[in-house]
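Chemist: build me a structure from this.
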Amino acid sequence: MLRMYTFAFAVNVRDAGEGTLEISISGPSGQNISNSVTTLGPGHFLVSYIPLEPGPHRANVTFNGESVCGTGRLFSIRACNI
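Modeler: Numbers count the residues shown, from 1 in each chain. All right, here's what the predicted structure looks like:
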């Protein structure tokens, strides 16, 4: 069973100037997972989401259409035994 924990990661584009931040997160089945973005300060954001199933999740982050360094990685979500 997958417990409904919120997972989060920070994005820092402070040195990139003004622009548009876009985030997409996909689960193991390829479905898009909704996320929320909280501003922590100028160019510094916290991205939060709740995984729907265990397995690899991919977060892609772009700023002004350019991929943000360090994104596109897989996060492995495991089911908890309760």
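Chemist: okay, now Val61: neighbour count?
Modeler: For Val61, the count of nearby residues is 22 (other Cβ atoms under 10 Å). No exception for glycine: its C-beta is placed from N, CA and C like everyone else's.
Chemist: please disregard the earlier target; I meant Ser26.
Modeler: Residues lying near Ser26 (other Cβ under 10 Å) number 14.
Chemist: show me the contacts for it.
Modeler: With contacts defined as Cβ atoms under 8 Å, 6 or more residues apart in numbering, Ser26 is in contact with 32-33, 57-58, 60.
Chemist: if you set the cut-off to 10 Å instead, what comes out?
Modeler: Contact partners of Ser26, counting by Cβ atoms under 10 Å, 6 or more residues apart in numbering, are 32-33, 56-60.
Chemist: and the gap between it and Ala8?
Modeler: Counting by Cβ to Cβ, to the nearest Å, the separation of Ser26 from Ala8 is 17 Å.
Chemist: same question, Ile23
Modeler: In this structure, Ile23 and Ala8 are separated by 12 Å, where distance is defined by Cβ to Cβ.
Chemist: next: Val37.
Modeler: Noted for Val37: a distance of 10 Å to Ala8, by Cβ to Cβ.
Chemist: okay, and the common contacts of the two?
Modeler: Common contacts of Val37 and Ala8 (Cβ under 10 Å, 6+ apart): 46-48.
Chemist: ok so, going back, who has more neighbours out of Ile23 and Ala8?
Modeler: More neighbours surround Ile23 than the other of Ile23 and Ala8, with 19 against 12 (other Cβ under 10 Å).
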